[in-house]
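**Q** sequence and predicted structure, then a few things I'm wondering about:
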Amino acid sequence: MTDTSFAYVRNEMLGEQPAPSTSKGLVGWLRQNLFSDIPNSIMTIVGILFLAWFLPPIFNFLVTHAVFPWSVDNTVEACRTEEAGACWIYVVDRFNFFIYGFYPSESYWRVNICFLLGIVTLVPLLWPDLPHKGLSAIGFFVVMPVATFFLLNGGVFGLTEVPTEKWGGLTITLIIATVGIVASLPIGIVLALGRRSHMPFVKYVCIAFIELWRAVPLITVLFMASIMLPLFLPEGTTIDKLLRALVGVSLFSAAYMAEVVRGGLQALPKGQYEAADALGLNYFKAMYLVILPQALKHVIPGIVNSFISLFKDTSLVSIVGLFDLLNTVQATTAQVEWKSPHQATTGYLFAAAMFWVFCFGMSRYSMYMERRLNTGHKE
């Protein structure tokens, strides 16, 4: 019987072969992310059909049928027709009111300088690779607040005094959000450390403060700060309405921030505290050099979430008579000269877009810092 089997042995290695066309490029990405299996494919098709139904009317309202300043017929009458979409000429006409509120138009340059000063001092502080962080911190936390107060309030250096009742729009929103964010983080850290203190008096005072402020809604805090607080002060004592709102928002946010930071402190293993003790560090050095850097890194998403929530909650100050961005938009919807079917919708879309820009920017920066500070072992 003859054996017909044979073997083939390759003498040379094959060269690198290109990847299959279905596993690279756009096709490969689609197969991996959108059509990897039957349920994923069904959800992708459903999502495409939903977008095909949802996006065209939105695009027509915002762009195709919208009335822009450069449109041929860019008058309010064009916004009042049945087929008209978003009335962007109304937003452009009232843009200064949305940004500055009732601030005198001849003094807009003072607000613009404050905006520019905030950007110039904040960007170097948020840029991790830039040196001289100490100078950047002094510029943002010391120079910028002082300069902003004197520029906006006036009354010195020949500047006309502008009371806070005339501040408004995006300006007041950014002031409340910035002060609340800057003040709530250090206060929250102190409260979190105090709640974990071994001294009963400090511990229970911090617990009482945190639970008291977290037990009431922000709207109640603002009412208390604006209406009821003057009742407890000596007769004739007045506190600026904006200052009351700033204090109320800062303390309210600090109580929530304290719980976020406390979660980070509790997430650290006991060995980190023992390591700080083994190095001979006292309590303050151990917290500053060992514990807090790790704890805050773990709770970056929670901290930024609190910041975003605070930024959006600034719209509640309208109930105490402050004209923030949302309140200025709402005030203009009653103006007869710009009355149209989609006037209010367009104004609220503009306000929503402004809030989205700032909140989305904060969320993306937090993700960047998470990746940069991720020094653990990745799987």
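**A** Happy to help now that I have it. If you're wondering where the values come from, they're calculated on a predicted model, not measured in any experiment.
**Q** beyond the strand or helix carrying residue 53, next helix or strand please.
**A** Secondary-structure element containing residue 53, defined by DSSP states H and E: helix 38-59. Moving toward the C-terminus from helix 38-59, the next helix or strand (DSSP H and E) is helix 76-79.
**Q** show me what that next one is in contact with.
**A** Helix 76-79 is touched from outside by 67, 71, 84, 87, 89-90, 337-343, with contacts defined as Cβ atoms under 8 Å, 6 or more residues apart in numbering. Quick note: C-beta positions are derived from backbone N, CA and C, even for glycine.
**Q** next one: stretch 195-215
**A** The list of residues contacting stretch 195-215 from outside it, by Cβ under 8 Å, 6+ apart, reads 191, 194, 221, 251-252, 254-256, 258-259, 262, 265.
**Q** try 7 Å
**A** If you take Cβ atoms under 7 Å, 6 or more residues apart in numbering as the criterion, stretch 195-215 is touched by 191, 194, 251-252, 255-256, 258-259, 262, 265.
**Q** buried set for that stretch?
**A** Neighbour counts over stretch 195-215 (16 or more other Cβ atoms under 10 Å) mark 195, 206, 209-210, 213 as buried.
**Q** and these, which is closest to residue 323?
**A** Sorting the buried residues of stretch 195-215 by how near they are to residue 323, with Cβ to Cβ, puts residue 213 at the top with 25.7 Å.
**Q** could you measure that closest one against residue 221, distance?
**A** Distance, residue 213 to residue 221, by Cβ to Cβ, to the nearest Å: 7 Å.
**Q** list the contacts for residue 118?
**A** So, once contact is read as Cβ under 7 Å, 6+ apart, residue 118 ends up touching residue 144.
**Q** ok, residue 92 - how many residues close by?
**A** The burial count assigned to residue 92 is 13, neighbours taken as other Cβ atoms under 10 Å.
**Q** count of residues packed around the residue lying closest to it once chain neighbours are set aside?
**A** Once flanking residues are discounted, residue 92 sits nearest to residue 69: 5.2 Å by Cβ to Cβ, 6 or more residues apart in numbering. The burial count assigned to residue 69 is 10, neighbours taken as other Cβ under 10 Å.
**Q** pLDDT wise, what is residue 69 at?
**A** At residue 69, the predicted lDDT confidence score is 87.
**Q** circling back: of the buried residues of stretch 195-215, which belong to strands?
**A** Judged by DSSP state E, the subset of the buried residues of stretch 195-215 located in strands is empty.
**Q** among these, which one sits closest to residue 245?
**A** The shortest approach to residue 245 among the buried residues of stretch 195-215 belongs to residue 213, at 15.0 Å (Cβ to Cβ).
**Q** what about that closest one, distance to residue 179?
**A** Look at residue 213 and residue 179: by Cβ to Cβ, they are 17 Å apart.
**Q** same check on residue 154?
**A** Between residue 154 and residue 179 the distance is 19 Å, computed by Cβ to Cβ.
**Q** please apply the same query to residue 263.
**A** Here the criterion is Cβ to Cβ. By it, residue 263 lies 24 Å from residue 179.
**Q** ramachandran angles for residue 324?
**A** phi -80, psi -170 (degrees, to the nearest 10).
**Q** counting by contacts, list what whichever strand or helix holds residue 358 packs against.
**A** Under the criterion DSSP H and E, the helix or strand holding residue 358 is helix 343-372. For helix 343-372, the elements it packs on are helix 88-93, helix 300-313, helix 325-332, judged by 3 or more Cβ pairs under 7 Å, 6 or more residues apart in numbering; DSSP states H and E.
**Q** take the contacts of helix 76-79 and lay them out in TSV including neighbour count and distance to residue 122.
**A** Below are the contacts of helix 76-79 laid out as TSV (neighbours: other Cβ atoms under 10 Å; distance: Cβ to Cβ, whole Å):
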residue	neighbour count	distance to residue 122
67	25	36
71	12	37
84	18	40
87	26	34
89	23	33
90	25	32
337	7	38
338	20	35
339	14	39
340	19	38
341	13	40
342	19	36
343	22	34
